[in-house]
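Undergrad: sequence? don't have it. structure:
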């Protein structure tokens, strides 16, 4: 069990590419931390540096307050679970799980006891004499977790362990890994490109983009208080709608330009937007759930596509007056069809506003 600290970590490659740019993370003992971001953002490189499989170009990595930069992977007391499972195909489940203990010359009785305990936790008792080729993807992943657990490491590192599984099994394994973290009561650092996985599993989430740590925060804060436009767009399903806009004032009333229309901001919300410069360009963000059907609205849209998601409907819409494409989420009971034209309103208190130059968030929604 251990805290992990990354202090000013940089990773440069020989071709001059900087994969990780001055990352700082303070991961507390027993936390479940998720590193998330698009492909090439540096999340797996960061995990591999913590594991000792790659060396940082500068900065310090600490485990239990000890600097481990020059320590070999086997001496860091970590366990890593890979996307590919990395099981030995000629060994049984029992032999795969016990392998790390055999390498450490642990007695046969102790190995037998530990493997039995882990098989019970992971529900692998009936599979111990089978080989990996005889197992499903979810079973193989549990074996890989068991092999990591058997040593009782200080830190678990998991690199996209569910990406090879089908959608239904991914949901089941997410729950299993979260429950496993609670049982083991140790530090988990988990890498994924799937923001839904990140939001449902992590105590805190580090959002990376092009090697930069954009925000390290709780799931709720990432959703409602994103630092910038990138985090706001990346977190949330469907993706947040982002539009370029400007605000203007006339006769002591505030207006916003959206979808080719000049729309009034409710008077009770005027103070919320008082810090904005009138006539200047901003980005505004509207989450899909913050639209509603409103026959009195000025916003006239055509639903170009409709996806029925069970309890929800995702409606893709276009406006005649602008090139903006919009995605909205409605309750399944709404009477919505493809090629239908209707008017929609916006919950203006839920608007996000971002600076045009830095893309920093300057106005957050009222919850």
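TA: Yep, it's here. Please read these numbers as outputs of a predicted model, since none were measured by experiment.

Undergrad: So the chain: which segments form each domain?
TA: Listed domain ranges for the chain are 4-231, 241-363 (source: automatic domain parsing).

Undergrad: any idea which of these is most buried?
TA: Greatest average neighbour count among these goes to domain 4-231 (a mean of 18), per mean count of other Cβ atoms under 10 Å. Glycine gets a C-beta too; all of them are placed from N, C-alpha and C.

Undergrad: With mean pLDDT added, can I get the domains of the chain in TSV?
TA: As requested, the domains of the chain are arranged in TSV below (pLDDT from 0 to 100):
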stretch	mean pLDDT
domain 4-231	92
domain 241-363	94
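
Undergrad: Which elements pack onto the longest helix along the chain?
TA: Determined from DSSP state H, the single longest helix within the chain is helix 167-184. Packing partners of helix 167-184 (3 or more Cβ pairs under 8 Å, 6 or more residues apart in numbering; DSSP states H and E): helix 137-149, strand 155-159, strand 187-192, helix 195-201.

Undergrad: What I need now is the ones you listed written out in a markdown table, including distance to residue 74 for each item.
TA: As requested, the helices and strands packed on helix 167-184 are arranged in a markdown table below (distance: least, Cβ to Cβ, whole Å):
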| stretch | distance to residue 74 |
| --- | --- |
| helix 137-149 | 14 |
| strand 155-159 | 14 |
| strand 187-192 | 18 |
| helix 195-201 | 27 |
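
Undergrad: right, so of the ones you listed, which gets closest to residue 53?
TA: strand 155-159 (9.6 Å; Cβ to Cβ).

Undergrad: neighbouring strands for the host helix or strand of residue 19, and are they parallel or not?
TA: Using DSSP states H and E, the element containing residue 19 is strand 18-27. Using DSSP bridges, the strands paired with strand 18-27 are strand 4-12 (antiparallel).

Undergrad: Can you name the residues in contact with the partner strand?
TA: With Cβ atoms under 8 Å, 6 or more residues apart in numbering as the test, strand 4-12 has contacts from 18-27, 42, 45-46, 49-50, 54, 56-63, 65, 155, 187, 189, 211.

Undergrad: ok, residue 341 touching residue 302?
TA: Yes - using Cβ atoms under 8 Å, residue 341 is in contact with residue 302, at 5.1 Å.

Undergrad: Helix, strand, or coil at residue 206?
TA: Recorded secondary structure, residue 206: strand (DSSP: H, G, I helix; E, B strand; the rest coil).

Undergrad: now it, which residues is it bridged with?
TA: Counting by DSSP bridges, the residues bridging with residue 206 are residue 35, residue 216.

Undergrad: That one and residue 192: what is the separation?
TA: Spatial separation of residue 206 from residue 192 under the definition Cβ to Cβ, to the nearest Å is 11 Å.

Undergrad: How about residue 205?
TA: When distances are taken as Cβ to Cβ, residue 205 and residue 192 turn out to be 10 Å apart.

Undergrad: nearest to residue 76, of the helices and strands packed on helix 167-184?
TA: With Cβ to Cβ, the closest approach to residue 76 among the helices and strands packed on helix 167-184 belongs to strand 155-159: 7.8 Å.
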